[in-house]
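> Turn this into a model:
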Amino acid sequence: MFTRSELEIKTTAELKDLCRRYGLKPTGNAGYKVSYITWLTAFPAIALHQMNEGKGLRRLTFDAYQNIGTALDQMNSPTDE
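Take a look at the predicted model:
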């Protein structure tokens, strides 16, 4: 995602938008940038840990990928009209 230095140069509003996009709530006082930066730096590691434990999102099986590919092939592609 982002490094801490990349997050520190963003405004509070930009950090708030990032947290809103990922469904994260700031820790402590929402008026301080560090409240958002804390969650945004920890979020990827927590998400990967939960995925490895089988919580939340899971990896798709090869069969699932094939089924998605088949569905996309059957839908074809849109026309210019």
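
> Return the per-residue confidence for the residue nearest in space to the middle of the chain.
Nearest to the mean C-alpha position of the chain, by Cα atoms, centre = their mean, lies residue 22 at 5.3 Å. We have a pLDDT of 83 for residue 22.

> Run the chain-centre distance for stretch 45-53.
Mean-position distance between stretch 45-53 and its chain equals 12 Å (Cα atoms, centre = their mean, to the nearest Å).

> switch to numbering from 57
Yes, from this point I'll number from 57; that puts the last item at stretch 101-109.

> average model confidence for that stretch?
84.

> residues in contact with it?
Here stretch 101-109 makes contact (Cβ atoms under 8 Å, 6 or more residues apart in numbering) with 112, 113, 114, 115. C-beta here means a position set from N, CA and C on the backbone, and glycine is covered the same way.

> C-alpha coordinates for that stretch, PDB please?
Extracted C-alpha coordinates of stretch 101-109, given in PDB (Å, rounded to 0.1, in the frame of the first residue of the first chain):
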ATOM      1  CA  ALA A 101      -0.400  -6.800   7.500                       C
ATOM      2  CA  ILE A 102      -3.700  -7.400   9.400                       C
ATOM      3  CA  ALA A 103      -5.500  -8.200   6.200                       C
ATOM      4  CA  LEU A 104      -2.900 -10.800   5.200                       C
ATOM      5  CA  HIS A 105      -2.800 -12.300   8.600                       C
ATOM      6  CA  GLN A 106      -6.600 -12.700   8.600                       C
ATOM      7  CA  MET A 107      -6.500 -14.200   5.100                       C
ATOM      8  CA  ASN A 108      -4.000 -16.800   6.200                       C
ATOM      9  CA  GLU A 109      -6.300 -17.700   9.200                       C
END
